[in-house]
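> Provide a 3D model corresponding to the input given below.
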Amino acid sequence: MSMYPPIFETASASAALKALIGTSPVRLWPFAQAPENSTLPYVVWQTIGGRPENYINNAPDIDQYSLQIDIYGTGASSVRAVAEKLRDAIQGVANIVSWRGESIDSETKNYRFTFDVDWFVKR
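Model (predicted):
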């Protein structure tokens, strides 16, 4: 099993989401590593916390990861549409724990929608 949450695999399995963020490549990158001048909209994610499920007598069998997901686009409707499809794609396998809000980047003028997810990954 992977040590990291399968966000890319889960998101890229959604045809509805890929219709918005592309297929070649699927515009979903870790650690805010979107290539410069990427086509909008796109999604970036990063781990912001987590912990193993510790037991007294056994090694952990599950790791919990907290992710921050940021969606960037040219307008409110595009980032909201991606957020909705991404929510639909991951809700069956992870828990959305916070809607962080919307903003506009002062330099690029790109719109941003942010939310947090808790993901439990079996070892």
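> In three-state terms, label Leu17 for me.
helix (DSSP: H, G, I helix; E, B strand; the rest coil).
> Next one: it from Pro60, what distance?
Between Leu17 and Pro60 the computed distance is 31 Å (CB to CB, to the nearest Å). Quick note: C-beta positions are derived from backbone N, CA and C, even for glycine.
> what about these two, which has more around it?
Leu17 (24 against 12; other CB atoms under 10 Å).
> Quick check: closest non-adjacent residue to Thr47.
Among residues not flanking Thr47 along the chain, Tyr65 sits closest, at 5.6 Å (CB to CB, 6 or more residues apart in numbering).
> what distance separates the helix or strand containing that neighbour from the middle of the whole chain?
Per DSSP states H and E: Tyr65 is located in strand 62-73. From the chain centre to the centre of strand 62-73 is a distance of 5 Å (CA atoms, centre = their mean, to the nearest Å).
> next one: stretch 110-118
Worked out by CA atoms, centre = their mean, stretch 110-118 lies 8 Å from the chain centre.
> which residues touch it?
Defining contact as CB atoms under 8 Å, 6 or more residues apart in numbering, one finds that stretch 110-118 is touched by 5, 7, 40, 48, 64-76, 78-80, 82-83, 87, 90, 94-105.
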